[in-house]
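Visitor: For reference, the sequence and a predicted model appear below.
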Amino acid sequence: MTATWSRRQISILVGVLLAILAVIWWVSRSELEKNGLDENVFVRGQIKGAGGLQLFLEAPSDRGTISVAQTEIEEDGSFELPANIPGLGIYNLRLSDLKGSMLWLPLQPKDELNVRCKIENFGFQPGIKGVPWANAYAQLMQATQNFENTQKQLQTNERGLSQDAIQQAYTLAKNNYETFCVKAILRDFKSPLNIMLSMNLLPTTGFEDWNSSHLNVLEKLSTAYAKYYAGQPASNNMQAQYQQIEDAFFAYTQMTNGSMPAPSIALPGPDGVTRNLNALKGKYVLIDFWASWCGPCKNEMPNVVALYKKYKSKGFTIFSVSLDEDPSKWKEAIQTWGMIWPDHVSDLKGWKSDLPQRFQFDGIPYTVLLNPEGKIIGTNLRGQKLQDKLATIFK
């Protein structure tokens, strides 16, 4: 498993990429005056209701968020915020009293951006003008708001949907949002807004649910940025981003195409007798990592039990690995959750076990599906996706 990428690694990768896609150098307002640097970007406008507040232009970087410039907004909401930036990158425009509410802006030298809105609309309807990507930005803000509203509705679940229905509705909304981003990128590969749009195409939670066609879009975007923004931080790091994701995706496909054997597991069962994963070769095996304290594991278990009953006579079984520390709670959950298959093991070390590292996961429930040769053919399958995978195998 040394060549694989876990969800944690992908999350770290994306966090790093968000930083390096922003500027790596920064200049504060005082340094502008001290060093005699020319102002090469201007953010102006009016935010009604924001009089007297501080307005910050900030750069997320590899050293944390850096203040590039700031100003106090006039009583009528008008402001002018000049700054010096080294090249194309992502910047945050933030009001001092709006926690968590900010605008991400893809700025480059010579931009003269105008913001006109009410304070209550600052975070999602800023009324941006003065840059070529203003209309596309407004469309992105609307699409993002629609997607976020859908997620909130699904979280509250006022319609009483099943978990599978919620997942299907979320997947549809997510796919629609990503399709919007892809179409926007394809319309104009050189648009600075593509930095923001491309973030929505990254495999932020791993490759299991990722649309791999995004890799082709990211490749074309990287090539275009190398042409139009040669030598600038955003271009250099867009190329690095694409290469890292391509390498990670290749490793993932190698891990799940049946060419990589699963790491061995030999641990005690509830009766103290050691059970060995290798003993199950000849069957399709679902390694199910779970714990008695895991709510999502409990919610998913009826599906797992039903699939075991459906396919056990066709050469399918389950090898359950618990991340419990309390043996009594582990054993009780096996009984009360109806986990009727014979193979249950645990080292009772919780997250201190070496299994999460060896199998490269950082959350449960987590599953690994093996073919009869003991090689990995799927990871993180549950719910409808697990049902579909097994239905394909045993059709």
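Guide: Ah, there it is.
Visitor: Strands along the stretch 51-200 of the chain, start to end?
Guide: 54-61, 64-72, 78-83, 89-95, 102-107, 112-118, 128-129 (DSSP state E, counting those that start in this stretch).
Visitor: Residue 167 is nearest to which of these?
Guide: Proximity to residue 167, assessed across the strands of the stretch 51-200 of the chain by Cβ to Cβ, is greatest for strand 102-107 (28.2 Å). Just so you know, the C-beta spots here come from the backbone N, C-alpha and C atoms, and that holds for glycine as well.
Visitor: before we move on, back to that, got the strands of the stretch 51-200 of the chain as CSV, with mean neighbour count, mean pLDDT and distance to residue 159 columns?
Guide: Shown next, in CSV, are those (neighbours: other Cβ atoms under 10 Å; pLDDT from 0 to 100; distance: least, Cβ to Cβ, whole Å):
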stretch, mean neighbour count, mean pLDDT, distance to residue 159
strand 54-61, 20, 90, 37
strand 64-72, 17, 89, 39
strand 78-83, 18, 96, 43
strand 89-95, 22, 92, 35
strand 102-107, 21, 92, 32
strand 112-118, 18, 96, 32
strand 128-129, 19, 97, 35
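Visitor: how about those strands, which one is nearest residue 216?
Guide: strand 102-107 (21.9 Å).
Visitor: who does the closest one touch, helix- and strand-wise?
Guide: Helices and strands touching strand 102-107, by 3 or more Cβ pairs under 8 Å, 6 or more residues apart in numbering; DSSP states H and E, are strand 41-48, strand 89-95, strand 112-118, helix 194-199.
Visitor: Could you name the helices and strands sitting against the third one?
Guide: What that stands for is strand 112-118. If you count contacts as 3+ Cβ pairs under 8 Å, 6+ apart, strand 112-118 packs onto strand 41-48, strand 102-107, strand 128-129.
Visitor: run the last query once more with 10 Å
Guide: Judged by 3 or more Cβ pairs under 10 Å, 6 or more residues apart in numbering; DSSP states H and E, strand 112-118 is in contact with strand 41-48, strand 78-83, strand 102-107, strand 128-129, helix 134-156.
Visitor: for the longest one, which positions count as buried?
Guide: Of the residues in helix 134-156, those buried under the neighbour-count criterion (16 or more other Cβ atoms under 10 Å) are 134, 136, 137, 138, 140, 141, 143, 144, 147, 150, 154.
Visitor: coming back round to it: between the strands of the stretch 51-200 of the chain, which one is nearest to residue 38?
Guide: That would be strand 78-83 among those, by Cβ to Cβ, at 9.5 Å.
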